[in-house]
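Visitor: Turn this into a model:
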Amino acid sequence: MSLVKKSKMTEKKAAANRRNQNLCNGPVVDERRERIRAALRRFGYDVQAEEMAMRALGEDPADFQELLEALWEEWNPSGGLQEGVVIRLARAMWLANRADRMQEGCALRQAQDVSSGRQDRLHAQMMRLRITADSLRLLVQSVAREHYVTTPADLEKMKNLHQEGVVEEMAEVALVLFYQLQAPGTGEDGLDPYEKARRMVAQAKEIFGIGMTSAFPPPSNLTPDSRQLEEDRHDADAVDEEDDQRYPHITAAEWEARERPRQLLENILTRQVETCEAQRKALVKESVKGPSPYERAAEIAPTHPNARVMRRMQDSNLREVRRLTNLLLRIKRYECQMLALEKTAALHDVLETKGG
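Guide: Sure thing, here's the model as predicted:
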């Protein structure tokens with residue numbers, strides 16, 4: 001532990017030190033800048049052309065000049081070789097920084113392109129989930145009937161959802177249950193003989209214009225809501241009666257055996273509706289919150305065609321910086337060795353003179 005009390009640096013002392021440093025280093029800095037300008041002219045660099053090129057690339061020539069002055073002060077080159085190497089070192093470091101800016105610029109442009117299409121992509125996904133949820137709700141309403149028999153429309157709708165890959169794993173299970181709940185004797189086209197006959201009769205009536213009577217109008221004293229409920233209740237009763245009349249060969253025991261797969265199918269479809277709604281809400285939150293840093297990093301992955309070329313440029317400039325630094329170190333080491341030899345030789349001559 002030191003027994004000498006250290007003096008504290010105050011703001012007043014720091015300001016005085018800065019003023020003294022400026023007074024002491026003013027002529028030295030001016031002289032250094034003149035040496036740099038002279039060295040640049042000797043090595044064939046057009047300062048004005050370089051500044052115009054840098055400004056055209058969005059760079060500040062003053063920053064390069066500051067870098068060159070810092071390296072000049074650090075290495076303190078003596079002689080044309082060292083001055084040229086320091087200038088090359090400054091340019092190599094500047095080009096390495098430029099390669100960094102090129103890669104960052106491409107990443108920024110790519111991020112902006114992704115951000116511009118992000119909202120549209122999320123909106124399309126949300127609309128797709130909403131449409132899927134609506135289709136599943138219609139299937140749930142259809143399957144929820146007590147005596148349900150798979151209709152060709154429901155089967156076709158489930159096939160389309162399965163092909164689109166929206167419902168994923170449970171689609172195969174639901175499709176198997178739909179096939180299981182078909183009417184006995186149903187063919188590969190999904191139509192039972194009674195359904196085929198009914199459709200043929202309907203087509204014949206439509207062709208010859210028979211049986212096209214209009215339905216009875218609803219009572220005028222019903223409100224729109226009660227009218228809709230009355231129509232739904234009437235349709236449900238009609239469907240149940242129609243099912244009982246269309247499938248008289250299905251016994252009560254068979255209807256009871258079909259109830260368990262029907263309930264399982266209804267639960268599966270209801271669960272898929274909830275899953276679609278949860279995914280849609282998650283997408284809404286994502287669109288509001290924006291991408292996380294990891295998602296942004298994945299989006300700006302170097303997929304540019306010239307990404308590898310820019311990386312090679314950066315590596316090449318860094319290797320150039322390493323080579324020039326090693327060269328300067330060797331030159332400085334050789335210079336120190338030569339100075340040491342000269343001092344040794346001068347000391348030897350002095351000793352010989354005194355001894356003689």
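
Visitor: going forward, measure contacts between C-alpha atoms and count neighbours the same way
Guide: Will do.

Visitor: The closest residue to V85 other than its chain neighbours is in what secondary structure piece?
Guide: Nearest in space to V85, with sequence neighbours left out and distances taken as C-alpha to C-alpha, 6 or more residues apart in numbering, is L324 at 6.5 Å. If you go by DSSP states H and E, L324 is part of helix 307-355.

Visitor: circling back: the residue nearest to V85 contacts G84, doesn't it?
Guide: No: at 10.2 Å, L324 does not count as touching G84 under the criterion of C-alpha atoms under 8 Å.

Visitor: Neighbour count for the two, which is higher?
Guide: Under the criterion of other C-alpha atoms under 10 Å, the comparison of L324 against G84 puts L324 first, with 19 against 16.

Visitor: per-residue confidence at the more buried one?
Guide: L324 is assigned a predicted lDDT (pLDDT) of 93.

Visitor: ok, so what distance separates it from A252?
Guide: 94 Å (C-alpha to C-alpha, to the nearest Å).

Visitor: Repeat that for D46.
Guide: From D46 to A252 the distance is 100 Å (C-alpha to C-alpha).

Visitor: R118 too?
Guide: Taken as C-alpha to C-alpha, the span from R118 to A252 is 55 Å.

Visitor: And the helices in the stretch 51-200 of the chain?
Guide: 61-75, 80-143, 152-164, 169-180, 193-208 (DSSP state H, counting those that start in this stretch).

Visitor: Tell me what angle the fourth one forms with helix 80-143.
Guide: Comparing the axes of helix 169-180 and helix 80-143 via axes from the mean of the first three to the mean of the last three C-alpha atoms, to 10 degrees yields an angle of 20 degrees.

Visitor: returning to that earlier point: helices or strands up against the helix holding L324?
Guide: With contacts defined as 3 or more C-alpha pairs under 8 Å, 6 or more residues apart in numbering; DSSP states H and E, the packing partners of helix 307-355 are helix 80-143.

Visitor: In the stretch 201-350 of the chain, where is pLDDT below threshold?
Guide: By pLDDT under 70, the low-scoring segments of the stretch 201-350 of the chain are 201-246, 302.

Visitor: got the angle between the helix holding L324 and helix 61-75?
Guide: 30 degrees.

Visitor: ok now helix 307-355, how far from the chain's centre?
Guide: 48 Å (C-alpha atoms, centre = their mean, to the nearest Å).

Visitor: Then stretch 48-58?
Guide: 34 Å.

Visitor: Give the rounded mean pLDDT of it.
Guide: pLDDT averaged over stretch 48-58 gives 88.

Visitor: Kindly provide the distance from the residue nearest to V85 to L89.
Guide: 6 Å.

Visitor: Break the protein down into its domains, please.
Guide: 23-112+306-355, 118-207+225-299 (automatic domain parsing).

Visitor: Now those domains in CSV, please, with extra columns for distance to A15.
Guide: Compiled in CSV, the domains of the chain are given as follows (distance: least, C-alpha to C-alpha, whole Å):
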stretch, distance to A15
domain 23-112+306-355, 13
domain 118-207+225-299, 43
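
Visitor: so which of those domains gets nearest K12?
Guide: Nearest to K12, of all those, is domain 23-112+306-355, at 16.8 Å by C-alpha to C-alpha.

Visitor: Please export the alpha-carbon coordinates of stretch 142-152; CSV is fine.
Guide: Taking C-alpha atoms only, stretch 142-152 is exported to CSV below (Å, rounded to 0.1, in the frame of the first residue of the first chain):
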residue,chain,number,x,y,z
SER,A,142,-73.9,-29.9,-38.9
VAL,A,143,-72.3,-32.7,-36.8
ALA,A,144,-74.1,-31.5,-33.7
ARG,A,145,-77.4,-32.9,-34.9
GLU,A,146,-78.6,-36.0,-33.0
HIS,A,147,-79.0,-38.3,-36.0
TYR,A,148,-76.2,-37.1,-38.1
VAL,A,149,-75.2,-38.7,-41.3
THR,A,150,-72.2,-37.5,-43.3
THR,A,151,-73.3,-35.4,-46.3
PRO,A,152,-71.3,-35.1,-49.5
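
Visitor: Centre of the chain to that stretch, how far?
Guide: Worked out by C-alpha atoms, centre = their mean, stretch 142-152 lies 44 Å from the chain centre.

Visitor: Buried residues in that stretch, which are they?
Guide: Across stretch 142-152, burial judged by 16 or more other C-alpha atoms under 10 Å covers 142-143, 147-152.

Visitor: now stretch 38-55
Guide: Quick answer for stretch 38-55 (16+ other C-alpha under 10 Å): 39-40, 51.

Visitor: picking that back up, report the two of the buried residues of stretch 142-152 separated the most.
Guide: H147 and P152 (15.9 Å).

Visitor: In this structure M313 contacts N97, no?
Guide: No: applying C-alpha under 8 Å as the test, M313 and N97 come out as separate, 10.5 Å apart.

Visitor: ok, the two, which is more surrounded?
Guide: For M313 versus N97, neighbours defined as other C-alpha under 10 Å are more numerous around M313 (17 against 14).

Visitor: Quick one: residues contacting that one.
Guide: Residues near M313 by C-alpha atoms under 8 Å, 6 or more residues apart in numbering: 96, 99.

Visitor: switch the cut-off to 10 Å
Guide: Applying C-alpha atoms under 10 Å, 6 or more residues apart in numbering to M313 gives the contacts 95-96, 98-100, 307, 319.

Visitor: Sweet, I'm off.
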